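Chemist: Here is my input, please return the structure:
(one chain, ligands or ions: 1)
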Amino acid sequence: MKLRSFIKIWSAIAVAAILAIQISCARADAAGEDNRTARAKNIILFIGDGMHLQNEIALSRYLHGTDFDLSWHKFPYYCYVTTWDIDTYNRYAQSIGKPKYAPQSFDANIGYDPSRGGLAPYPIDKNGERSYFLNALTKWGGGSDTRAVPATDSAAAASAIATGMKTDAGNVSWKSGDPPGGALKTIAELVREHNRWSFGVVTNVQFSHATPSPFVAHNVSRGNPGQIAREMINVTKPDVIIGGGHPNWNTGYISSNELNTLRNSTEYLLVERTTGRNGAETLLETALQARKWSYAPYSKYHVGAALITTSGRIYDGVNIENAAYPVTICAERVAIFKAVSEGDREFVALAVVSDNGAYPCGSCRQVLAEFGLDTRVIIANRKGENIHETTVRELLPQAFRPENLKTT
Ligand SMILES: [Zn+2]
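Modeler: Numbering: from 1, shown residues only. Next up, the predicted model:
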């Protein structure tokens, strides 16, 4: 399967953020100190669709040999929230002779009954009844073949998270009953409208699929992913979208026409992964191409560099020597200074090509560290061989950074 990502040109924000937004964060830390001045740069809403606590435990055991050692298990706060979609609510209501769901008069314990399902997921709370989750229930209104094991539909669950509203199974941020004009405003739209924040969706499924789409689209059915893709690209316009769904693989998730619209867009930068190639190699090729402009008449040691930033732009650089030797500058810093002088300061990766695949000098490591320790650094020789990948953090441990200037 091919993956694709596209990034709206005018807004460079952190990749891998579902909501990349500025917010004031107030919380008491472990020592009881009120830390009201702390500001979060990004908010990431992470959804493991269909992922039960048992899955988390299995993953934690696989990675760490213990049950609760995933990164989010170390968060200072967590809680459990659960919901049934309206179709499932109505199945339960019917089974106990109660009225069907109504927004103003529903019964929270039919929405989810903790005395039957438990206050926390299994195996933290082992009191839940198996029958509450596993016994098939008849659809509201009956019918011969309409019994189903209760389960909240992914689109309805994501819609509940994205809009605060319970809706029907299959609805993508659309009101129950599918009325015309039933679009429900999502949290992403609200933060843009009220705070001018940026947002995006990043997913390892098709980007117009049931779980990512309710945050950035509206539809009466998750069964219309082509319409959902069209709305995302032309109407909602998230700042970042990363996900699968190439039309060569399955035409349902995005049409070839829509893909071509994106390819020609001046608003979005489309990044497509090509089978058998990776981005690091492409960046290395740019560095290799740039290397021919290296000005190194004294050392004859030619270096090319290519830096990609979160805006998607690539800046190349070469080493430039001088008869007055000390004013010579390295390829890496030329690429970095070109990016910074264009207003691009969020680096993703830097590729460096030299005769023998040497690593950046100390001065370049220091300049890289100024703009972030997570920048990936890819090193290769002039044939593009002996590729090594590392990070600025590994190249310059205990780096001196802007925060070290704050002495209080
Ligand atoms: Zn250098």
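Chemist: Can you verify my assumption that Asn171 contacts Ala157?
Modeler: No - using Cβ atoms under 8 Å, Asn171 makes no contact with Ala157, being 10.7 Å away. All C-beta atoms are positioned from the backbone trio N, CA, C, and that covers glycine.
Chemist: Tell me which of the two has more neighbours.
Modeler: Between Asn171 and Ala157, counted using other Cβ atoms under 10 Å, the more crowded position is Asn171 (29 against 24).
Chemist: Distance from stretch 233-251 to the middle of the chain?
Modeler: The chain centre lies 14 Å from the centre of stretch 233-251; the measure is Cα atoms, centre = their mean, to the nearest Å.
Chemist: so what's His52 closest to, chain neighbours aside?
Modeler: Once flanking residues are discounted, His52 sits nearest to Pro121: 6.5 Å by Cβ to Cβ, 6 or more residues apart in numbering.
Chemist: how near is the one you found to Ala148?
Modeler: Taking Cβ to Cβ, to the nearest Å as the measure, Pro121 falls 21 Å from Ala148.
Chemist: ditto for Val367
Modeler: Separation of Val367 from Ala148 (Cβ to Cβ) stands at 60 Å.
Chemist: Comparing those two, which residue is more hemmed in?
Modeler: Remark: of Val367 and Ala148, Val367 carries more neighbours, 18 against 14, as counted by other Cβ under 10 Å.
Chemist: tell me the mean pLDDT for the host helix or strand of the more buried one?
Modeler: Here Val367 sits within helix 362-370, counting by DSSP states H and E. Helix 362-370 shows an average pLDDT of 98 in the prediction.
Chemist: Just the CA trace of it, in PDB.
Modeler: Coordinates of the C-alpha atoms in helix 362-370 are reproduced here as PDB (Å, rounded to 0.1, in the frame of the first residue of the first chain):
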ATOM      1  CA  GLY A 362      31.500  20.500  16.000                       C
ATOM      2  CA  SER A 363      30.500  24.000  14.800                       C
ATOM      3  CA  CYS A 364      27.700  22.600  12.600                       C
ATOM      4  CA  ARG A 365      26.500  20.300  15.400                       C
ATOM      5  CA  GLN A 366      26.200  23.400  17.600                       C
ATOM      6  CA  VAL A 367      24.300  25.300  14.900                       C
ATOM      7  CA  LEU A 368      22.000  22.300  14.400                       C
ATOM      8  CA  ALA A 369      21.300  22.000  18.100                       C
ATOM      9  CA  GLU A 370      20.100  25.600  18.200                       C
END
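Chemist: Would you mark the buried spots in the following helix or strand past it?
Modeler: Scanning the chain past helix 362-370 towards its C-terminal end, the next helix or strand to appear is strand 376-381 (assignment: DSSP H and E). Neighbour counts over strand 376-381 (16 or more other Cβ atoms under 10 Å) mark Arg376, Val377, Ile378, Ile379, Ala380 as buried.
Chemist: Does anything pack onto strand 376-381? Which helices or strands?
Modeler: Under the contact criterion of 3 or more Cβ pairs under 8 Å, 6 or more residues apart in numbering; DSSP states H and E, the helices and strands touching strand 376-381 comprise helix 279-290, strand 347-354, strand 388-391.
Chemist: follow-up on the earlier one: buried residues in the helix holding Val367, which are they?
Modeler: Neighbour-count burial for helix 362-370, counted by 16+ other Cβ under 10 Å, picks out Cys364, Arg365, Gln366, Val367, Leu368, Ala369.
Chemist: Good, wrapping up.
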